[in-house]
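Peer 1: Structure here, sequence nowhere to be found:
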């Protein structure tokens with residue numbers, strides 16, 4: 001089993017990533033660090049900065065994940081600033097903003113970057129859906145209870161962990177990264 005060092009301060013994200021990687025033959029070593037994050041609407045700027053900081057802190061190759069939630073009604077805002085918006089207003093208020101603007105379409109994006117001090121390899125995953133009210137489902141975390149996937153007829157919080165790993169942006173991004181790392185070796 002191969003090991004990846006994942007730097008995150010989000011224990012829910014770490015547990016979910018472990019469940020994605022284990023069937024792929026990868027073990028996850030979690031380094032719980034709160035990394036300073038440049039305030040930018042460009043997810044790639046954020047992840048490049050955080051991977052370099054994490055590598056300096058940890059002293060070995062690291063993996064960082066950055067997520068974004070792009071509301072079509074707000075031209076992609078809050079994007080990678082979603083964490084802060086959710087902390088400020090919460091899921092229901094975020095969904096009500098999009099719905100009140102007449103366009104609940106949303107994209108969830110994950111960018112996962114592996115960095116060894118010289119080279120960066122990036123995995124990418126995206127979902128499209130609708131923000132809904134009231135929140136539905138008991139699973140997942142973050143915006144999962146308000147992120148509805150029309151093709152499935154459920155919010156992400158209504159999916160089993162295996163379904164979420166297979167369908168959602170995080171699983172897509174990590175599988176993309178693993179495929180690229182495997183090709184590199």
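Peer 2: Everything's here; your move. Note that the structure is a prediction, hence the values are computed from the model and not measured.
Peer 1: shaky segments in this protein?
Peer 2: Within the chain, the stretches with pLDDT under 70 are 1, 185.
Peer 1: all strands of it, in order?
Peer 2: Taking DSSP state E to define them, one finds strands in the chain at 2-8, 26-32, 62-71, 78-79, 105-115, 120-131, 147-149, 154-155.
Peer 1: helices or strands up against the fourth one?
Peer 2: In other words, strand 78-79. strand 62-71 (3 or more Cβ pairs under 8 Å, 6 or more residues apart in numbering; DSSP states H and E). For the C-beta atoms, the positions are set from N, CA and C on the backbone; glycine is no exception.
Peer 1: from memory residue 176 sits against residue 114, does it?
Peer 2: No: at 11.2 Å, residue 176 does not count as touching residue 114 under the criterion of Cβ atoms under 8 Å.
Peer 1: Between those two, which has more neighbouring residues?
Peer 2: residue 114 (22 against 18; other Cβ atoms under 10 Å).
Peer 1: what's near enough to touch residue 78?
Peer 2: If a contact means Cβ atoms under 8 Å, 6 or more residues apart in numbering, then residue 78 has 68-71, 84-85 as its contacts.
Peer 1: Equivalent analysis for residue 139, please.
Peer 2: Residue 139 sits in contact with 156-161, 164, where contact means Cβ under 8 Å, 6+ apart.
Peer 1: which of the residues you listed are buried?
Peer 2: The neighbour-count test (16 or more other Cβ atoms under 10 Å) marks 156-159, 164 as buried among the contacts of residue 139.
Peer 1: Looking at the residues you listed, which is nearest residue 141?
Peer 2: Ranking these by separation from residue 141, with Cβ to Cβ as the measure, puts residue 157 on top at 8.4 Å.
Peer 1: Quick check: phi and psi at the spatially closest residue to that closest one that is not a sequence neighbour.
Peer 2: Spatially, and ignoring its direct neighbours in sequence, residue 157 is nearest to residue 137 (2.9 Å; Cβ to Cβ, 6 or more residues apart in numbering). The phi and psi values for residue 137, taken as degrees, to the nearest 10, are phi 100, psi 160.
Peer 1: what residues are up against the closest residue in space to residue 33 that isn't next to it in sequence?
Peer 2: Residue nearest to residue 33 in three dimensions, not counting chain neighbours: residue 7, with 5.3 Å by Cβ to Cβ, 6+ apart. Residues near residue 7 by Cβ under 8 Å, 6+ apart: 31, 33, 35, 50, 54, 57-58, 62-64.
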